[in-house]
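**Student:** Got a predicted model here, sequence first, then my questions.
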Amino acid sequence: IDKAKKEVKLLVGVEEEVEKLERNLDLVLSVLADAEEKKTTDQLVKKWLDRLKEAAYDMEDALDEWKTRVELEVKGTENAAHCQGKVLLLCNFLSCFSFRRLSSRHEVAVNIKEINRRIDEIVKEKDKYQLESRKSIELPKRPESSSFVDVSKLCGRDGVKREILSFLLGGNSEVEAGKLIQTISIVGMGGLGKTALAQLVCNHPDVKQHFESVVCVCVSDSFDEKRVAKAIIQGLENLSGSAAYGLESDPLEVLLKRISRSIEGKRYLLVLDDVWANEGERWDSLKVTFNLGAAGSKILVTTRDLNVASMMGSSDSQIIPLEKLGDVECWSILREIAFRGKDKMKSREDLEEIGRKIAKRCKGLPLAAKVLGSLLQSKSTKGEWLTILDSEIWKLNLAQKEIFAPLLLSYYDLPYPVRQCFLYCVLFPKDFVYWYHHIASHWLAQGFLGSDPNADLELVGLEYFNILVAHSFFQDFGIRSGFIFYFKMHDVVHDFGKYLAENEFALEDVQSDHLSINSTKHRHLLVMVDKRMTFPTSISGAEKLRTLVTYTGSDALTCDALRSLFNQCRRLRLLDFNWPDGPDHLCNEVPKEVGKLMHLRYINLANSRKLERLPEELCNILNLECLELKGCQNLRHLPESMGKLLNLRLLLTMGCSALTHYPKDIRKLTSLRTLIGVIARADRNDDKEFSLADLGNLKHLCIIRMKVMGNSIDKDEARKAELQNVQELLIYLAGEVQEGDIIEALHPPSDIRFGFSNNYWLDPMGSDPFGLK
């Protein structure tokens with residue numbers, strides 16, 4: 001009893017420690033933006049900031065653990081989410097516990113006190129560096145759709161475009177000399193628009209008519225001949241998803257023979273974009289294969305290195321150096337973007353004079369002009385334009401200074417949470433296709449969009465995304481009905497993001513059953529697992545990981561590997577086992593240890609086709625916000641305790657063809673915003689299966705794609721659905737209920753996107769702002 005009294009005394013003091021920790025967290029966040037900017041010129045600030053970030057991560061995790069334990073043990077799982085974000089009165093907290101439960105809470109209490117001690121030391125040093133709290137930056141308006149057009153592709157390149165077209169469409173004079181396939185290389189530094197120019201040429205109608213096949217492959221930093229061969233096959237045969245991943249196990253020789261069969265006797269154009277490595281032997285093993293194409297076939301290379309162009313087989317006459325633009329062309333690009341929608345601006349003449357001076361800072365790089373134009377679009381006063389012209393950033397000694405300085409100016413113009421969203425994107429490799437729904441769900445799980453369970457955080461994510469679009473951090477958009485559903489990042493912008501993020505993000509290639517993470521600073525990890533390997537059964541150095549994204553082979557995620565992962569990585573907030581366009585058959589079983597991941601906000605098990613059940617312990621993860629189960633074709637039922645997941649905002653089960661019903665407890669998930677693949681009874685409302693009437697309890701639902709079961713409809717019950725806040729409703733009728741009966745009963749509002757699907761996958765209607773592939 002005496003020991004227990006001491007524990008109680010410690011815990012009573014912890015309430016004050018928790019409050020102090022929350023105050024310190026607010027103080028830390030208020031100076032982060034200023035510290036981040038000063039670290040570029042002051043190494044002491046940089047070291048201080050590194051310590052601060054480490055402590056801030058630990059602080060967040062400690063607060064999260066404390067509050068989650070309070071919710072679990074005080075409120076119980078039925079109403080835990082209602083106290084989200086609050087620390088309960090400790091007298092209530094203690095009254096609920098028997099003394100035998102104090103040990104685990106004692107560990108949390110000791111941890112919180114230790115973190116506060118560390119934070120106190122760091123905060124005391126703040127004044128030494130004259131760090132200031134920043135007011136939140138006003139969010140700019142969403143750009144007009146016309147801003148998605150990359151005007152830099154159209155300026156100052158007409159002459160070189162004609163030269164490239166002449167090479168590609170002209171005769172093949174070197175055939176007689178034994179050189180069947182010509183290789184043309186565009187050479188220039190990053191940010192000059194090599195890729196944009198190559199895309200422009202490939203989309204020219206004369207090129208499309210001249211060549212039977214046009215294939216574009218991004219090679220990037222290392223020349224991996226097998227990866228390049230697979231990408232060529234995907235382009236030639238139009239493969240994606242599991243069909244493309246099926247190439248993983250094929251040896252290089254098999255891949256080359258497949259290419260040979262696809263191009264034999266055909267005139268093709270192969271574009272190898274962003275080639276870096278000067279490894280002639282690797283290229284030679286591929287190039288022999290391309291000689292089987294018809295006469296007139298061409299290879300177009302973009303590279304930053306003249307030696308690489310020669311290695312690829314381009315003669316001096318076939319190398320096209322891409323020169324910097326003149327100040328006039330840079331001003332033209334900058335002006336087009338900066339003044340979009342400002343034709344009637346009274347101060348335009350004064351701003352143009354400053355703008356011409358800013359254009360000279362672009363150093364002839366169209367990407368820099370584009371970024372600066374996007375930055376200036378949200379600035380309307382002479383003072384704001386002069387601030388950019390006279391910024392100290394132009395004097396910094398930066399890597400790739402000519403392009404990083406404009407990017408840094410634009411980056412510092414972002415609100416701090418938007419900066420976090422941008423930096424998170426560098427977790428993924430260069431040339432990655434980001435699906436908006438996918439990346440926005442990741443941002444939500446990381447807390448970048450806020451933590452208020454009652455707020456429309458999905459709209460916050462869309463707003464942040466539009467800010468990054470407006471600042472030209474993203475490009476190559478897939479647009480459908482005005483919505484961007486996928487995008488890419490320029491490789492120079494990706495380099496810039498990695499330069500800023502330093503050691504927080506890591507990519508690991510798994511070659512054995514053990515994975516060792518080299519730096520304790522890594523918080524976000526992408527793991528590449530060869531198709532012949534399984535996911536590591538042990539991971540060292542991963543105790544503080546917050547994010548784990550995997551790209552694995554079929555059946556690579558064994559139950560033992562997952563059990564080990566869940567036991568070792570208790571701080572995970574995001575688990576993504578399904579990279580878009582990745583393999584199927586990922587996960588056969590989820591062990592009950594998943595319930596130990598109390599910090600988890602997001603888990604993606606999509607396309608785990610052999611997965612038959614989920615453990616009930618999954619429902620102990622009270623903080624879970626997103627659960628993606630798309631394409632789990634053998635999943636027979638959802639856990640009966642789903643009603644515990646009161647913070648769940650997104651649930652995807654489309655394509656789960658073995659799923660016969662949704663548990664009734666789904667009606668308790670009042671935080672749900674997006675419900676894709678929900679199964680609802682139309683003919684009855686009982687205490688076992690989710691019904692149309694239960695939709696009325698989910699007041700915040702915006703997106704519903706629903707499978708309606710039953711051969712009749714209880715219209716009185718269906719009218720309880722109340723769809724006033726719904727923005728999209730898509731229905732698949734699995735019984736004999738008629739469309740007209742559904743419309744009459746549900747009476748969907750006239751201003752929503754509404755329709756019927758003809759398959760259980762619940763394919764989207766026309767446009768899909770969430771990119772739900």
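**Tutor:** Looks like it arrived, so ask away. Residues are numbered from 1 along each chain as shown.

**Student:** show me where the stretch 451-600 of the chain has strands.
**Tutor:** 475-480, 483-488, 505-510, 514-516, 524-529, 538-540, 547-551, 574-576 (DSSP state E, counting those that start in this stretch).

**Student:** okay if I get the ones you listed as TSV plus mean pLDDT, distance to Arg282 and mean neighbour count?
**Tutor:** Bear in mind the C-beta positions are built from the backbone N, C-alpha and C, glycine included. Output for those, formatted as TSV (pLDDT from 0 to 100; distance: least, C-beta to C-beta, whole Å; neighbours: other C-beta atoms under 10 Å):
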stretch	mean pLDDT	distance to Arg282	mean neighbour count
strand 475-480	87	27	16
strand 483-488	89	25	20
strand 505-510	83	18	17
strand 514-516	80	27	15
strand 524-529	88	19	20
strand 538-540	79	32	16
strand 547-551	90	22	21
strand 574-576	95	31	23
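
**Student:** TSV for those, including distance to Arg673?
**Tutor:** Converted to TSV, the strands of the stretch 451-600 of the chain look like this (distance: least, C-beta to C-beta, whole Å):
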stretch	distance to Arg673
strand 475-480	21
strand 483-488	17
strand 505-510	28
strand 514-516	35
strand 524-529	24
strand 538-540	33
strand 547-551	22
strand 574-576	18
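
**Student:** Ok, which of those strands comes nearest Asn397?
**Tutor:** Of all these, strand 505-510 sits nearest to Asn397, with 24.0 Å by C-beta to C-beta.

**Student:** List of residues touching that closest one?
**Tutor:** 423-424, 426-427, 429, 498, 515, 517-519, 522-530, 533, 535-536 (C-beta atoms under 8 Å, 6 or more residues apart in numbering).

**Student:** Let's see that with 10 Å instead.
**Tutor:** The contact list for strand 505-510 (C-beta atoms under 10 Å, 6 or more residues apart in numbering) reads 423-429, 497-498, 515-519, 521-530, 533-536, 539, 545, 547, 549-552, 556.

**Student:** Please identify the pairing partners of that strand and their relative orientation?
**Tutor:** Sheet pairing here is set by DSSP bridges, and for strand 505-510 it gives strand 524-529 (parallel).

**Student:** and the direction of the strand it pairs with versus that of strand 547-551, what angle?
**Tutor:** Calculated by axes from the mean of the first three to the mean of the last three C-alpha atoms, to 10 degrees, strand 524-529 forms an angle of 20 degrees with strand 547-551.

**Student:** distance between strand 524-529 and the chain's centre?
**Tutor:** Remark: strand 524-529 is offset 14 Å from the chain centroid, using C-alpha atoms, centre = their mean, to the nearest Å.

**Student:** In the stretch 1-150 of the chain, mark out all the strands, start to finish.
**Tutor:** Under DSSP E, counting those that start in this stretch, the stretch 1-150 of the chain gives no strands.

**Student:** for it, what spans make up the helices?
**Tutor:** Listed in chain order, the helices of the stretch 1-150 of the chain (DSSP state H, counting those that start in this stretch) span 2-38, 43-70, 90-95, 102-124.

**Student:** would CSV of those with distance to Glu253 and mean neighbour count be doable?
**Tutor:** Formatted as CSV, the helices of the stretch 1-150 of the chain follow (distance: least, C-beta to C-beta, whole Å; neighbours: other C-beta atoms under 10 Å):
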stretch, distance to Glu253, mean neighbour count
helix 2-38, 50, 16
helix 43-70, 47, 18
helix 90-95, 66, 14
helix 102-124, 55, 16
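
**Student:** just checking, what packs against the helix or strand where Leu372 lies?
**Tutor:** Applying DSSP states H and E as the criterion places Leu372 in helix 366-377. Judged by 3 or more C-beta pairs under 10 Å, 6 or more residues apart in numbering; DSSP states H and E, helix 366-377 is in contact with helix 194-202, helix 327-338, helix 348-360, helix 382-389, helix 401-412, helix 457-470, helix 491-501.

**Student:** just checking, what packs against the fourth one?
**Tutor:** Read it as helix 382-389. helix 348-360, helix 366-377, helix 401-412.

**Student:** Could you look over the ones you listed and pick the most buried one?
**Tutor:** helix 366-377 (a mean of 28; mean count of other C-beta atoms under 10 Å).

**Student:** tell me the mean pLDDT over that helix?
**Tutor:** For helix 366-377, mean pLDDT is 93.

**Student:** could you give the angle of that helix to helix 348-360?
**Tutor:** 150 degrees.

**Student:** Which stretches in the stretch 151-300 of the chain count as strands?
**Tutor:** Ranges of strands in the stretch 151-300 of the chain, per DSSP E, counting those that start in this stretch, are 182-187, 213-220, 268-275, 298-303.

**Student:** worst average pLDDT in these?
**Tutor:** strand 213-220 (a mean of 87).

**Student:** related to what we said a few turns ago, to Ala445, which of the strands of the stretch 151-300 of the chain lies closest?
**Tutor:** Closest among the strands of the stretch 151-300 of the chain, using C-beta to C-beta: strand 213-220, at 27.4 Å.

**Student:** Any buried residues in the closest one, and which?
**Tutor:** Neighbour-count burial for strand 213-220 flags 213-220 (criterion: 16 or more other C-beta atoms under 10 Å).

**Student:** orientation of it relative to strand 483-488 in degrees?
**Tutor:** Using the same axes, to 10 degrees: strand 213-220 against strand 483-488 is 60 degrees.

**Student:** Parallel or antiparallel, which strands does strand 213-220 pair with?
**Tutor:** strand 268-275 (parallel).

**Student:** Give me the distance from the strand it pairs with to the chain's centre.
**Tutor:** Put simply, strand 268-275 sits 26 Å off its chain's centre (C-alpha atoms, centre = their mean).

**Student:** quick one: it to strand 182-187, angle?
**Tutor:** 30 degrees.

**Student:** Next, the distance between the ends of stretch 439-459.
**Tutor:** 14 Å (C-alpha to C-alpha, to the nearest Å).

**Student:** Which positions in it come out as buried?
**Tutor:** 439-449, 453, 457-458.

**Student:** okay but His438 is in contact with Asn578, surely?
**Tutor:** Yes: counting by C-beta atoms under 10 Å, His438 sits close enough to Asn578 to count as a contact (9.3 Å).

**Student:** which residues do these two both contact?
**Tutor:** With C-beta under 10 Å, 6+ apart, His438 and Asn578 have common neighbours 604, 628.

**Student:** Quick check on the two: which one has the bigger neighbour count.
**Tutor:** Asn578 (24 against 21; other C-beta atoms under 10 Å).

**Student:** for the stretch 501-650 of the chain, which spans come out with low pLDDT?
**Tutor:** Per-residue confidence for the stretch 501-650 of the chain (pLDDT under 70) gives these ranges: 518-519, 531, 553-556, 579-585.

**Student:** how does it look with 90?
**Tutor:** Counting by pLDDT under 90, the stretch 501-650 of the chain contains low-confidence ranges at 501-522, 527-544, 550-562, 564-565, 568, 577-589, 607-610, 631.

**Student:** The stretch 351-500 of the chain too?
**Tutor:** In the stretch 351-500 of the chain, residues with pLDDT under 90: 378, 380, 392-403, 415-416, 429-431, 450-456, 475-476, 478-485, 499-500.

**Student:** rewinding a little: what would the strands of the stretch 151-300 of the chain look like in TSV with distance to Gly193?
**Tutor:** Listed next are the strands of the stretch 151-300 of the chain as TSV, based on distance: least, C-beta to C-beta, whole Å:
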stretch	distance to Gly193
strand 182-187	9
strand 213-220	15
strand 268-275	12
strand 298-303	10
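
**Student:** would you list the helices and strands packed on helix 366-377 in JSON lines and tack on distance to Arg667?
**Tutor:** Formatted as JSON lines, these follow (distance: least, C-beta to C-beta, whole Å):
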{"stretch": "helix 194-202", "distance to Arg667": "49"}
{"stretch": "helix 327-338", "distance to Arg667": "49"}
{"stretch": "helix 348-360", "distance to Arg667": "56"}
{"stretch": "helix 382-389", "distance to Arg667": "51"}
{"stretch": "helix 401-412", "distance to Arg667": "44"}
{"stretch": "helix 457-470", "distance to Arg667": "21"}
{"stretch": "helix 491-501", "distance to Arg667": "42"}
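
**Student:** which one of those helices lies closest to Arg282?
**Tutor:** helix 491-501 (20.2 Å).
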